[in-house]
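**Student:** sequence? don't have it. structure:
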Ligand SMILES: NC(=O)c1ccc[n+]([C@@H]2O[C@H](COP(=O)([O-])OP(=O)(O)OC[C@H]3O[C@@H](n4cnc5c(N)ncnc54)[C@H](OP(=O)(O)O)[C@@H]3O)[C@@H](O)[C@H]2O)c1
């Protein structure tokens, strides 16, 4: 997830084009995504693509969108699920054992953190201060401890921080 130095992942209006969408860190990110065959995301994250006319943002991954309001899926490949996301994610984990990509941070990430279902966190720390916006993990009370497992510094000023949870 891309964040500002003050821990916001999007502006208050849910846009996040303030974070550079090209450059070496994006190339690395896109390369990393090839290792995943399942992605989960909250409705607001999914809507970023929808607003741009993209209903299947990760066509090579099984895609699960959590929403109690979206209703039917705009794409035959994307599953919109109204049940508690922790139930779905636990079931997915019991599946073939492949890694699951949690797209973005925000409300869904907070729920999955609280349930102990996040194993690692990759933060793209952007050299900017937003002052306000959508926090990385809104309302999370669990305060999970993270162990730094890697860093990458890019010429753009973006720093990739990799953590394991626990
Ligand atoms: N900086 C980055 O790298 C990055 C990447 C991706 C996205 N983003 C941005 O991050 C922001 C995240 O916003 P957000 O935190 O409001 O949204 P979010 O986590 O993407 O979506 C929240 C929605 O997910 C649904 N949901 C279903 N069950 C849930 C549960 N147990 N816990 C939480 N959500 C549940 C709800 O949809 P219903 O209301 O329909 O029930 C809820 O309103 C968006 O603005 C997105 O644009 C940033």
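**Tutor:** Arrived safely. It should be emphasised that the depicted structure is a prediction, and the values quoted were computed from it without experimental measurement.

**Student:** What residues sit buried inside the host helix or strand of residue 91?
**Tutor:** Using DSSP states H and E, residue 91 maps to helix 85-93. Neighbour-count burial for helix 85-93 flags 85, 89, 92 (criterion: 16 or more other C-beta atoms under 10 Å). All C-beta spots, glycine's among them, are computed from the backbone N, C-alpha and C.

**Student:** Can I get those residues in TSV including distance to residue 123 and pLDDT?
**Tutor:** Below are the buried residues of helix 85-93 laid out as TSV (distance: C-beta to C-beta, whole Å; pLDDT from 0 to 100):
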residue	distance to residue 123	pLDDT
85	21	98
89	20	97
92	23	95
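
**Student:** Name all residues that make contact with the most centrally placed residue in the chain.
**Tutor:** Residue closest to the mean C-alpha point of the chain, counted by C-alpha atoms, centre = their mean, is residue 104 at 1.9 Å. Neighbouring residues of residue 104 by C-beta atoms under 8 Å, 6 or more residues apart in numbering: 1, 9, 41, 42, 45.

**Student:** at 6 Å instead, please
**Tutor:** Neighbouring residues of residue 104 by C-beta atoms under 6 Å, 6 or more residues apart in numbering: 1, 45.

**Student:** now residue 37
**Tutor:** 61, 98.

**Student:** out of the buried residues of helix 85-93, who's near the ligand?
**Tutor:** residue 85 (C-beta under 6 Å from any ligand atom).

**Student:** Residue 12: neighbouring residues, count only.
**Tutor:** Using other C-beta atoms under 10 Å, residue 12 is surrounded by 11 other residues.

**Student:** Need phi/psi at it.
**Tutor:** phi -60, psi -30 (degrees, to the nearest 10).

**Student:** quick one, what contacts it?
**Tutor:** Per C-beta under 6 Å, 6+ apart, neighbours of residue 12: 132, 133.

**Student:** All further residue positions should be reported with the first residue as 12.
**Tutor:** All set: I'll call the first residue 12, so the last point we hit is now residue 23.

**Student:** Please determine how far the residue lying closest to residue 143 once chain neighbours are set aside is located from residue 29.
**Tutor:** Leaving out its chain neighbours, the residue that sits closest to residue 143 by C-beta to C-beta, 6 or more residues apart in numbering is residue 23, at 5.6 Å. Here the criterion is C-beta to C-beta, to the nearest Å. By it, residue 23 lies 12 Å from residue 29.

**Student:** Please apply the same query to residue 156.
**Tutor:** With distances taken as C-beta to C-beta, residue 156 is found 29 Å from residue 29.
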